[in-house]
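Asks: what follows is a predicted protein model with its sequence.
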Amino acid sequence: MPIRAEERARYPEDWDTISAQTKHRAGWRCECEGECGRGTHEGRCPNLHHLPAYGTGSRVVLTTAHLNHTPEDCRPENLKAMCQGCHLHYDKEHHAETRRRRTELVEEARRENKARYDAEVTAVFSAARRANNARTQGDTR
């Protein structure tokens, strides 16, 4: 699975090697045994890297999943080779939580920016009103 640019720093420099070793250990076959929750296979998933996927016929891309969703944790027991379908399903809840947190952060930033903008606009209009009042009072004397 592609690594998001903002997450890349969380992976070790030798991630490509670690990932390839994980896939090699698995015989280039998906290691999912149903923990993905797809319910499409009993026992170990039959998908093999670069071959047609069972059921869909699409080309399988074998990925490396962090079972605890922590990219810094590259212990062999935390890594499992998974086809893209199993990996996406395995990470489904984690992705939803990440999306929810990201949305909350964006909304919070919008609220902060709006508050800052409103304060700046208020300050500008207040200064303009004071200047206008000073001019008006100066004209009437």
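Replies: Nice, thanks for sending it over.
Asks: residue 135: helix or strand, and which one exactly?
Replies: helix 92-139 (DSSP states H and E).
Asks: now that helix: mean pLDDT?
Replies: The average pLDDT within helix 92-139 is 79.
Asks: what's stretch 75-91 in contact with?
Replies: 1, 18-19, 22-23, 25-26, 28-32, 35-38, 40, 45, 47, 49, 53, 56, 60-70, 95 (CB atoms under 8 Å, 6 or more residues apart in numbering). For glycine as for every other residue, the C-beta is placed from the backbone atoms N, C-alpha and C.
Asks: write the ChimeraX selection for whichever of the residues you listed are buried.
Replies: Buried residues among the contacts of stretch 75-91 (16 or more other CB atoms under 10 Å), as a ChimeraX selection:
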select :18,19,22,23,26,28,29,30,31,32,36,38,40,45,47,49,53,60,62,63,64,65,66
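Asks: residue 34 contacts residue 41, correct?
Replies: Yes. Using CB atoms under 8 Å, residue 34 makes contact with residue 41 at a distance of 6.9 Å.
Asks: between these two, which is the more surrounded one?
Replies: More neighbours surround residue 41 than the other of residue 34 and residue 41, with 18 against 14 (other CB atoms under 10 Å).
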